[in-house]
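> Here is my input, please return the structure:
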Amino acid sequence: MKTLRRNALSGYSWLMLVFLYLPILILVLYSFNDSRINATWTGFTWKWYVSLFENRQVMQALMNSMTIGVISSVIATVLGTAAALAVKHYSIRWSNIFNGLMYLPIVIPEIMMGLAMLVLFSQVQMELGKVTLILAHVTFSMPYVMVIISGRLADMGKELEEASQDLGATPWETLRYVTLPLIMPGIIAGFLMAFTLSLDDFIISFFVAGPNSTTLPLYIYGLVKRGVSPEVNALSTLLIVSTVLLVVVAEIFRRKDSKNNQSIF
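Numbers count the residues shown, from 1 in each chain. The predicted model follows:
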């Protein structure tokens with residue numbers, strides 16, 4: 001009976017994996033299809049990737065995504081790290097309410113977040129464009145950075161910081177030479193997570209993007225409305241691969257951070 005349950009659970013797990021990843025594998029496969037019709041396979045080719053990089057609109061959308069992603073991730077990482085340090089080292093009144101408000105953007109539906117951002121920018125008469133995209137991406141990615149940094153700070157404890165101050169270091173020297181080096185892998189992981197979220201975001205960007213600030217997800221959506229073509233498959237494949245690589249690198253830094261934490265404490 002136990003063997004039957006184990007086999008049934010294993011089969012169900014594999015079935016769920018196939019259900020989740022088979023459409024992605026099909027999309028990747030047909031990005032190399034020699035035919036423009038996705039229903040039939042006529043041969044292997046790289047021409048859709050070549051034509052993709054020769055497309056000026058695609059390159060512009062890519063540059064927009066990279067620029068917005070890097071700037072918003074840097075700002076979100078700085079603010080998220082500062083917020084995590086403030087929560088750890090300072091006694092904030094109603095800290096539970098503060099933490100709840102900081103984590104709220106994680107659980108709020110993206111369509112509500114995007115609509116709220118659109119209303120805010122309209123009220124302050126801010127023109128939609130790259131600036132509004134950066135502000136929106138910072139808003140929804142900063143809590144993820146704070147969660148990662150807060151977890152690292154909680155594991156680190158206060159012993160090393162207290163020892164540093166007992167040896168005569170100022171709070172700034174303790175932060176610079178003790179705290180930041182210890183949490184640096186977590187900071188890098190938070191930055192990569194924020195960049196991944198910014199690169200993949202569609203719903204919030206759809207509300208706050210201007211006519212000259214089209215990102216890759218928005219460009220893909222515009223192509224899909226005219227029909228799924230091999231160029232869409234190729235562009236989606238590149239976006240999937242880049243996202244997976246960023247998540248893998250972030251996980252490597254997180255594991256490195258965890259091992260360093262265990263070796264120190």
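
> Every contact and neighbour count from this point should use C-alpha atoms.
OK.

> hang on, residue 41 in a strand?
No: judged by DSSP: H, G, I helix; E, B strand; the rest coil, residue 41 forms no part of a strand; its state is coil.

> Give the closest residue to it in space, chain neighbours not counted.
Using C-alpha to C-alpha, 6 or more residues apart in numbering and skipping the chain neighbours, the partner closest in space to residue 41 is residue 33 (6.0 Å).

> Please name the bridge partners of the one you found.
residue 44 (DSSP bridges).

> tell me the contacts of residue 77?
Residue 77 makes contacts with 142, 145, 146, 187, 190, 191, 194, as judged by C-alpha atoms under 8 Å, 6 or more residues apart in numbering.

> Same check on residue 174?
Here residue 174 is in contact with 161, 164, 165 (C-alpha under 8 Å, 6+ apart).

> gap between residue 223 and residue 249?
The gap separating residue 223 from residue 249 is 30 Å, by C-alpha to C-alpha, to the nearest Å.

> hey, where'd the helices end up in the protein?
Along the chain, the stretches classed as helices by DSSP state H are 2-30, 47-53, 56-89, 95-107, 110-123, 130-156, 159-166, 171-174, 180-200, 203-208, 216-225, 230-264.

> Determine which of those helices approaches residue 41 most closely.
Closest to residue 41 of those, according to C-alpha to C-alpha: helix 2-30, at 7.6 Å.

> helices or strands up against the closest one?
When contacts are defined as 3 or more C-alpha pairs under 8 Å, 6 or more residues apart in numbering; DSSP states H and E, helix 2-30 packs onto helix 230-264.

> got the buried residues for the helix it packs on?
For helix 230-264, burial by neighbour count (16 or more other C-alpha atoms under 10 Å) applies to 230-237, 239, 243, 246-247, 249-251, 253-254, 257-258.

> Equivalent analysis for stretch 10-23, please.
If you call a residue buried by 16+ other C-alpha under 10 Å, then stretch 10-23 has no buried ones at all.

> And for that stretch, what's in contact with it?
By C-alpha under 8 Å, 6+ apart, no surrounding residue is in contact with stretch 10-23.

> Export the helices of the chain to CSV and append columns for distance to residue 37 and mean pLDDT.
Below are the helices of the chain laid out as CSV (distance: least, C-alpha to C-alpha, whole Å; pLDDT from 0 to 100):
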stretch, distance to residue 37, mean pLDDT
helix 2-30, 9, 82
helix 47-53, 13, 82
helix 56-89, 21, 88
helix 95-107, 39, 76
helix 110-123, 33, 91
helix 130-156, 35, 88
helix 159-166, 62, 75
helix 171-174, 61, 80
helix 180-200, 26, 86
helix 203-208, 28, 92
helix 216-225, 14, 81
helix 230-264, 8, 73
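
> Would you reformat those helices as JSON lines and include distance to residue 40?
Shown next, in JSON lines, are the helices of the chain (distance: least, C-alpha to C-alpha, whole Å):
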{"stretch": "helix 2-30", "distance to residue 40": "9"}
{"stretch": "helix 47-53", "distance to residue 40": "16"}
{"stretch": "helix 56-89", "distance to residue 40": "26"}
{"stretch": "helix 95-107", "distance to residue 40": "41"}
{"stretch": "helix 110-123", "distance to residue 40": "36"}
{"stretch": "helix 130-156", "distance to residue 40": "39"}
{"stretch": "helix 159-166", "distance to residue 40": "63"}
{"stretch": "helix 171-174", "distance to residue 40": "63"}
{"stretch": "helix 180-200", "distance to residue 40": "29"}
{"stretch": "helix 203-208", "distance to residue 40": "32"}
{"stretch": "helix 216-225", "distance to residue 40": "19"}
{"stretch": "helix 230-264", "distance to residue 40": "12"}
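
> Identify the residue nearest residue 210 in space, chain neighbours excluded?
With sequence-adjacent residues excluded and distances taken as C-alpha to C-alpha, 6+ apart, residue 210 is closest to residue 129, at 4.2 Å.

> Quick check on that neighbour: phi, psi?
In terms of degrees, to the nearest 10, the main-chain angles of residue 129 are phi 180, psi -150.

> Tally up the residues packed near it, please.
When neighbours are defined as other C-alpha atoms under 10 Å, residue 129 has 16 of them.
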